[in-house]
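Visitor: got a sequence here, can you model it:
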Amino acid sequence: MPSKLLFVYNAKSGRWNGYLDAAHKLLSPNTYACKLCALTYGILTENEHWKAFRKNTDIPMEFLHTDEFAKAYPFLVDQNFKFPCVLKEMEDHTFTEFISAENFEKIDSVEALIKIVLEENP
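Guide: This is a model prediction of the structure:
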């Protein structure tokens, strides 16, 4: 079975935060702080290509906002990951950084993100 990937958005959860994020993406997309969200979501809805990939893959994936991540994985908070990022769960249930915030800046399309995920999890 492929390793679990933990996707952490650089955003807080909740409807109000979602509206603020949508407005930010619409009004000032170049300053939006979450490249993961920018790649996988439009203004209000999930990118169709990403959604299809996510639903049809056997790769276990979990998606969390920063506040959800801190609650679900408090033992990882002290590792000071920069968000957005993707963490990979290893066989011993530890996590390693799979895609860093810096690497997200180099990903220019959802297709490129999918390619990276598939190359690591054939």
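Visitor: moving C-terminal of the helix or strand of the chain with the lowest mean pLDDT, what's the next helix or strand?
Guide: Lowest mean confidence among the helices and strands of the chain (mean pLDDT, DSSP states H and E): helix 15-27, at a mean of 54. Where DSSP states H and E defines the elements, the next helix or strand beyond helix 15-27 is helix 35-40.
Visitor: avg pLDDT for the helix or strand that that following helix is followed by?
Guide: Next helix or strand after helix 35-40 toward the C-terminus (DSSP H and E): helix 48-56. Averaged across helix 48-56, the pLDDT comes to 95.
Visitor: for residue 53, give its distance to residue 97.
Guide: Per CB to CB, to the nearest Å, residue 53 is found 21 Å from residue 97. Backbone N, C-alpha and C define where each C-beta goes, glycine included.
Visitor: neighbour count: those two, which is higher?
Guide: Taking other CB atoms under 10 Å, residue 53 and residue 97 do not tie; residue 53 has more neighbours (19 against 14).
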